[in-house]
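Novice: Quick one, structure for this:
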Amino acid sequence: MSKKPAILLIYTGGTIGMVKDYKTNALKAFDFSQILKKIPELKQLHCKITTISFDEPIDSSNMNTQYYIQIAEILEENYQQFDGFVILTGSDTMSYTSSAISFMLENLQKPVIFTGSQLPIGDLRTDAKENLITSIEIASARKNDEPIIKEVCLYFEYKLYRANRTTKINAEQFEAFTSLNYPSLAESGVHLTYHHHLLHQPTEKSKNLIVRKKLATNIVVLKLFPGITKEVIASILLIPKLKGVILETYGAGNAPTEKWFINLIKNAINKGIAVVNITQCVGGSVILGHYETSTQLKKIGIVDGKDLTTESAVAKLMYLLGEKLSEDKFKRFFESSLRGELTKTER
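Specialist: All right, here's what the predicted structure looks like:
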């Protein structure tokens, strides 16, 4: 029998780590060091599980870049000792967090699976146990003594997604996440079925893991809406030390054609502020120049966000701005797929 894969379970906080005290009806943090006692089904998996928890579990609403770095450092420190990683976080910001970690880990060749739940692990109807058990099974899955998954993923309600393609779409259903611009990587039913042709495969296996920890936070998401005023946009673009803007446009990347709007965006770009165009639509892509309403944006040098999600665009912007690249390199890297976050097109 092959050697049991070693899996590191990292609990940062979130609903999945809550259990009910039946005497007081209050929720309290689950002790993940006792996970095999509480969830004996895990003993059926062919792996050895070790757990690490944040000293103070955090609510997903309090997630920030310092916690991203903390997660990345735990992965960095334990990368050689473990064969796979499962990270438990709150679902509300899981797409942001997992997308950021995907960019922070360069040359990743092991599975990093994010999961959580809509109901606490101690609830009668909880989705936590299935999400947790299957995530650990995926993290430990191997073929020809190699991990099947070699990227950052998000598992939720029977589906495994590439993390930087996901968006949370529902706060009340167990099917909380979707990935409209890239298919699921695996599905859990009677069988755990992997779509091998969709999985990321590292091109150079000899390269060591590089962890990128310099993240720029002086960015903003600017969502357009009919009737947005010149004063509102101008005030946002004049934020002191602003370095980047995610501009959420309409449809295929369309925006107002009024001179004042184009001039404001042009002036921001000329001042060295990176302005990225992504669509407000959950699915689909920016196609700059496809309509007249995006031709001017293309001419003034806006960065084409293509089919990035907002969550992934935020993470990628933080990452690339942190690398302090030249304007040309920044645009080239942003418009290229670095971790499978973009669909490669011939247009």
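Novice: Isn't Ile300 up against Ile269?
Specialist: Yes: assessed by CB atoms under 8 Å, Ile300 is found in contact with Ile269 at 6.0 Å. All C-beta spots, glycine's among them, are computed from the backbone N, C-alpha and C.
Novice: Looking at those two, which is more packed in?
Specialist: Neighbour totals were compared for Ile300 and Ile269, and Ile269 leads with 18 against 15 (other CB atoms under 10 Å).
Novice: and the one helix or strand that one maps to, which residues are buried?
Specialist: Assigned by DSSP states H and E, Ile269 belongs to helix 259-270. Going by neighbour count (16 or more other CB atoms under 10 Å), the buried part of helix 259-270 is 261-262, 264-266, 268-269.
Novice: What of stretch 314-331?
Specialist: Across stretch 314-331, burial judged by 16+ other CB under 10 Å covers 314-322, 330-331.
Novice: what does the average pLDDT come to for that stretch?
Specialist: For stretch 314-331, mean pLDDT rounds to 96.
Novice: Pull up the distance across that stretch, start to finish.
Specialist: Stretch 314-331 has an end-to-end distance of 15 Å (CA to CA, to the nearest Å).
Novice: what does stretch 47-59 give?
Specialist: End-to-end distance of stretch 47-59 (CA to CA): 29 Å.
Novice: Could you list the low-pLDDT ranges of this structure?
Specialist: In the predicted model, the chain carries pLDDT under 70 at residues 1-2, 206, 345-347.
Novice: Got phi/psi on the residue nearest to Thr134 when sequence neighbours are not counted?
Specialist: Nearest non-adjacent residue to Thr134, counting by CB to CB, 6 or more residues apart in numbering: Ser188, 5.0 Å away. Dihedral angles of Ser188 (phi, psi; degrees, to the nearest 10) stand at phi -110, psi 110.
Novice: Bridging across strands, which residues link to Ser188?
Specialist: Note on Ser188: beta-bridge partners by DSSP bridges are Leu192.
Novice: Tell me the secondary structure of the residue positioned nearest the centre of the chain, please.
Specialist: The centroid of the chain falls nearest to Ser99 when counting by CA atoms, centre = their mean (2.1 Å). Following DSSP: H, G, I helix; E, B strand; the rest coil, Ser99 is assigned to helix.
Novice: Quick one: residues contacting it.
Specialist: Applying CB atoms under 8 Å, 6 or more residues apart in numbering, we find Ser99 in contact with 163-164, 166, 309, 311-312, 314-316, 341.
Novice: same thing but 10 Å
Specialist: Applying CB atoms under 10 Å, 6 or more residues apart in numbering to Ser99 gives the contacts 68, 114, 152, 154, 162-167, 308-316, 318-319, 339, 341.
Novice: try Ile278
Specialist: Contacts here follow CB under 10 Å, 6+ apart; on that basis Ile278 touches 221, 246-249, 253, 285-286, 303-310, 312-314.
Novice: Break the chain into its domains for me.
Specialist: 6-211, 219-334 (automatic domain parsing).
Novice: Work out for me the element Gln173 sits within.
Specialist: For Gln173, there is no host helix or strand (DSSP H and E).
Novice: Would you mind measuring from it to Glu130?
Specialist: Note on Gln173: its distance to Glu130, by CB to CB, to the nearest Å, is 14 Å.
Novice: quick one, which of these two is more surrounded?
Specialist: Of the pair Gln173 and Glu130, Glu130 is the one with more neighbours under other CB under 10 Å, namely 18 against 10.
Novice: wait, the more buried one sits on Lys159?
Specialist: No: counting by CB atoms under 10 Å, Glu130 does not reach Lys159; the two are 11.6 Å apart.
Novice: out of the contacts of Ile278, which are inside helices?
Specialist: Under the assignment DSSP state H, those contribute 310, 312-314 to helices.
Novice: Highest neighbour count among those?
Specialist: Among these, Ser312 has the most neighbours (other CB under 10 Å), with 29 neighbours.
Novice: Who are the contact partners of it?
Specialist: By CB under 10 Å, 6+ apart, the residues touching Ser312 are 95-96, 98-100, 102-103, 162-167, 181, 278, 305, 339, 341-342.
Novice: go again using 6 Å as the cut-off
Specialist: When contacts are counted by CB atoms under 6 Å, 6 or more residues apart in numbering, Ser312 touches 99, 164, 341.
Novice: same deal with Cys153?
Specialist: Residues counted as contacts of Cys153 (CB under 6 Å, 6+ apart) are 113, 160, 163.
Novice: Give the pairing partners of whichever helix or strand the second one is part of; include direction for each.
Specialist: What that stands for is Leu160. Per DSSP H and E: Leu160 is located in strand 159-162. Sheet pairing of strand 159-162 (DSSP bridges) gives strand 152-156 (antiparallel), strand 186-188 (antiparallel).
Novice: so where do the helices sit in the stretch 51-200 of the chain?
Specialist: Applying DSSP state H, counting those that start in this stretch to the stretch 51-200 of the chain gives helices spanning 65-78, 94-104, 128-140.
Novice: Tell me what angle the second one forms with helix 65-78.
Specialist: It stands for helix 94-104. 50 degrees (axes from the mean of the first three to the mean of the last three CA atoms, to 10 degrees).
Novice: roughly how far is helix 94-104 from the heart of the chain?
Specialist: Here helix 94-104 is found 3 Å from its chain centre; the criterion is CA atoms, centre = their mean, to the nearest Å.
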